[in-house]
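[1] give me a 3D structure for the following:
(2 chains)
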Amino acid sequence: MNIEEQLHILRRPAPGPVTTGTLLGTGLVDGYAVYASPVGDVVVSFNPRGVSSVDLADDGSEERFRDRFGRPMTLARPPRGWEVKIGRAIEAGTPADLPVDFRSVTPFRRSVLEVTASIPRGQVRSYGWLARQVGNEGAVRAVGSTMASNPVPLIVPCHRVVRTDGAIGNYSLGGPHNKRELLSHEGTDPEWLESLARRGVRYVGSDTTHIVCHPTCAHSRRIADSRRREFSDLAAAVDHGYRPCEVCRP
Amino acid sequence: MQTVFFPVMEELRDRLAGDLDGTFEDLVTAIRDDLYSGLRPLHGTEAEDLAQEALIRAYRALCGYEPDRIRALRLRPWIWTIALNLSRNQARDRARRPTAVELVDTHGVHDPEPLDTAAWEARLACLPLAQRRAVVLRHVVDLSYPEIAEITGRPEGTIKADVSRGLARLRTIMQEERG
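    Purely as a prediction, here's the structure:
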């Protein structure tokens, strides 16, 4: 055998990670890692654009991802620096500096999700409030379906969005039970929220400052019981000389 | 091997022009062994990362190309141009960071590869870079002289001379091994 032929011995199969790494690097395949959360283990998928999906970890996770996003996902290490950020985003219930891949989401839904991401931990807002924040008061149902199809629950905290009548409402990540679990975990008692809803209390004001807030707003929680006034709608509060809180924007 | 290769590449190229995302994995499958085999004698264990990076860059470039431009590509030399640019940058970065240089293990003791493969890598390592690159692209990757001239940006005559000097040197090395 001459040298030219012998050099062919150096032709060899590329190791598996070349293909996997390439497909992950191009975003044709997403990677996923498993994280613990207050509602059990979740799979967090990611690609170079950001985190693409959060779902309950079970035997069907990979198939559900493929059905929904039209590409496969494979177990992989998150990109450098993201491993910690993902854990923090789940714990804090907001993406902060973790990039999110919103390609699968329409511009309207994306703006709804971005407002949702700004709801502070331990607080809740209503579908109606979200609709007003995105400048489309009539879009309450569209807001509801945006919450139901949120690709990254926990990280975009749709569990902090409740029905406009104050009831806890549905939850996409394993049902209403998990929503209650998450709210409790954040220090918001779902039974307290429901008792307010039953009594028709939607807003709370202080008769010292004459500012009216959402009941879970950090400012309204500081109001002394003796100074606390409850309202069923904002117009009634305004009629009594109250002005809306600039932080929770009722 | 190479006789079936070129029709496959042409077919892939047309499919890429029509459906980039649906076809790219097939391109990876068709070219990954080529890339890895060629980069391995030049970069050792870093070949894996370089092959991957070259393919990712190729994908990003293709995303910005019109279908007609993709149909006009000669895929193999095009991807090798990307890979060789990365290879050069890598070599330059290494030269700037001397501590990162690894010694070539000529005994193959720590190499899980078969002994013959390790021996050939060690022999190639004795060649000056230009000769090693030319020999590898011609006789490991099976690129043609015009293709190598195109992707390296050097005259075809120079490439031929590098290959021929490289092979002569390999012959000498083998004679020395036989004692």
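
[2] make it CA atoms for all contacts and neighbour counts henceforth
    Noted.

[3] and the most centrally placed residue in chain A, backbone torsions?
    Centroid-nearest residue in chain A: residue A:156, 1.8 Å away (criterion: CA atoms, centre = their mean). Backbone torsions for residue A:156, taken as degrees, to the nearest 10, come to phi -100, psi 110.

[4] quick one: it from residue A:128, how far?
    Using CA to CA, to the nearest Å, we find residue A:156 at a distance of 18 Å from residue A:128.

[5] with residue B:118 instead?
    69 Å.

[6] next one: residue B:152
    To residue A:128, residue B:152 is 63 Å away according to CA to CA.

[7] comparing these two, which residue is more hemmed in?
    Higher neighbour count among residue B:152 and residue A:128: residue A:128, with 21 against 18, using other CA atoms under 10 Å in any protein chain shown.

[8] quick one: is the lowest-mean-pLDDT helix or strand in chain A near chain B?
    For chain A, counting by mean pLDDT, DSSP states H and E, helix A:3-6 ranks last in confidence among helices and strands (a mean of 89). Yes: Helix A:3-6 reaches chain B (CA under 8 Å from any CA of the partner chain) through A:3-5.

[9] my guess is the residue nearest to the centre of chain A meets residue A:116, correct?
    Yes: between residue A:156 and residue A:116 a contact is recorded at 6.5 Å, counting by CA atoms under 8 Å.

[10] and the pLDDT for the residue nearest to the centre of chain A?
    As predicted, residue A:156 sits at a pLDDT of 98.

[11] got the phi/psi numbers for the nearest residue to it once chain neighbours are set aside?
    Leaving aside its sequence neighbours, residue A:156 sits nearest to residue A:117 (CA to CA, 6 or more residues apart in numbering or on different chains; 4.9 Å). Dihedral angles of residue A:117 (phi, psi; degrees, to the nearest 10) stand at phi -60, psi -20.

[12] what pLDDT does residue A:117 get?
    96.

[13] and residue B:19, how far is that from residue A:97?
    33 Å.

[14] according to the record, where do the domains of chain A fall?
    When chain A is parsed with automatic domain parsing, its domains come out as A:17-92, A:105-199, A:201-250.

[15] can you put those in a markdown table and add distance to residue B:133?
    Formatted as a markdown table, the domains of chain A follow (distance: least, CA to CA, whole Å):
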| stretch | distance to residue B:133 |
| --- | --- |
| domain A:17-92 | 21 |
| domain A:105-199 | 47 |
| domain A:201-250 | 65 |
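
[16] which positions in chain A make contact with chain B?
    A:3-5, A:7-15, A:17-19, A:21-23, A:25-26, A:28.

[17] of those residues, keep whichever come out buried.
    A:7-8, A:10-12, A:14, A:18-19, A:21-23, A:25-26, A:28 (16 or more other CA atoms under 10 Å in any protein chain shown).

[18] in TSV: those residues, plus pLDDT and secondary structure.
    As requested, those are exported to TSV (pLDDT from 0 to 100; DSSP: H, G, I helix; E, B strand; the rest coil):
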residue	pLDDT	secondary structure
A:7	93	helix
A:8	90	helix
A:10	93	helix
A:11	93	coil
A:12	92	coil
A:14	94	coil
A:18	94	helix
A:19	94	helix
A:21	93	helix
A:22	95	helix
A:23	95	helix
A:25	93	helix
A:26	93	helix
A:28	94	coil
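
[19] circling back: give me the contact list for the least confident helix or strand of chain A.
    For helix A:3-6, contacts defined as CA atoms under 8 Å, 6 or more residues apart in numbering or on different chains pick out B:139, B:167, B:170-171.

[20] same thing with stretch A:136-146?
    Contacts of stretch A:136-146 with the rest of the structure, by CA under 8 Å, 6+ apart, involve A:109, A:112-113, A:127-128, A:130-131.

[21] from those residues, pick the one nearest residue A:194.
    Taking CA to CA as the measure, residue A:127 is the one of the contacts of stretch A:136-146 closest to residue A:194, at 15.7 Å.

[22] hang on, isn't the closest one packed against residue A:158?
    No: with contact defined as CA under 8 Å, residue A:127 does not reach residue A:158; the gap is 10.0 Å.

[23] got the contact list for the residue sitting nearest the centre point of chain B?
    Per CA atoms, centre = their mean, the C-alpha nearest to the average position across chain B is that of residue B:38, at 3.3 Å. Counting by CA under 8 Å, 6+ apart, residue B:38 touches A:11, B:136-137, B:140-141.
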